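Undergrad: make a model of this:
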Amino acid sequence: MTDNPQPRSLLQARNLSMAFGGLVVFRNISLDITEHQIVALIGPNGAGKTTLSTRLLFDGHDVEALAAAAEEEADGRPLVVLAYTDPCRGVECLEERRPKLHYVRFKDDGERGRFQTVLDRMGEG
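TA: Predicted coordinates for the structure are as follows:
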């Protein structure tokens, strides 16, 4: 046991590679950005900055999957979004449903709006 626990990783990537046709945009990129770190991703146009940013996990959540869930129309079927960590951490409107959170289906437009606000804040970070 240690008196100095490791900082929590908020932004993660593991062995990411991307190519379009024969052009390799990036290869085997891994990173962990923890709380209170300030990191910049810089490079010329076309270097893969945006492509990389769409493959990252924020606080263990796949931000694109969360955004897609917010855009889904309710059709009576369960909606499942998988997370690599606690799926409620940092998302208060999900935390309220604990411990019976099995899937998210918005009760009404107000709840959908609250969820969208959380996603918007995550995207601003």
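Undergrad: show me how the chain divides into domains.
TA: The chain breaks down into these domains under automatic domain parsing: 9-58, 61-124.
Undergrad: need those in a markdown table (columns: mean pLDDT and mean neighbour count).
TA: From N, CA and C alone the C-beta is placed, and that goes for glycine too. Below are these laid out as a markdown table (pLDDT from 0 to 100; neighbours: other C-beta atoms under 10 Å):
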| stretch | mean pLDDT | mean neighbour count |
| --- | --- | --- |
| domain 9-58 | 84 | 12 |
| domain 61-124 | 72 | 13 |
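Undergrad: quick one: His36 and Ser9 touch, right?
TA: No: using C-beta atoms under 8 Å, His36 makes no contact with Ser9, being 11.9 Å away.
Undergrad: and the lengthiest helix in the chain, what other elements does it pack with?
TA: Longest helix of the chain, by residue count under DSSP state H: helix 109-124. Packing contacts for helix 109-124, counted by 3 or more C-beta pairs under 8 Å, 6 or more residues apart in numbering; DSSP states H and E, involve helix 63-71, helix 92-95.
Undergrad: what about the shortest one, distance to the chain center?
TA: Right, the one you point to is helix 92-95. 15 Å (C-alpha atoms, centre = their mean, to the nearest Å).
Undergrad: so which elements touch it?
TA: helix 109-124.
Undergrad: the same query, at a cut-off of 6 Å, please.
TA: Contacting helix 92-95 under the criterion 3 or more C-beta pairs under 6 Å, 6 or more residues apart in numbering; DSSP states H and E is no other helix or strand.
Undergrad: cool, thanks, signing off.
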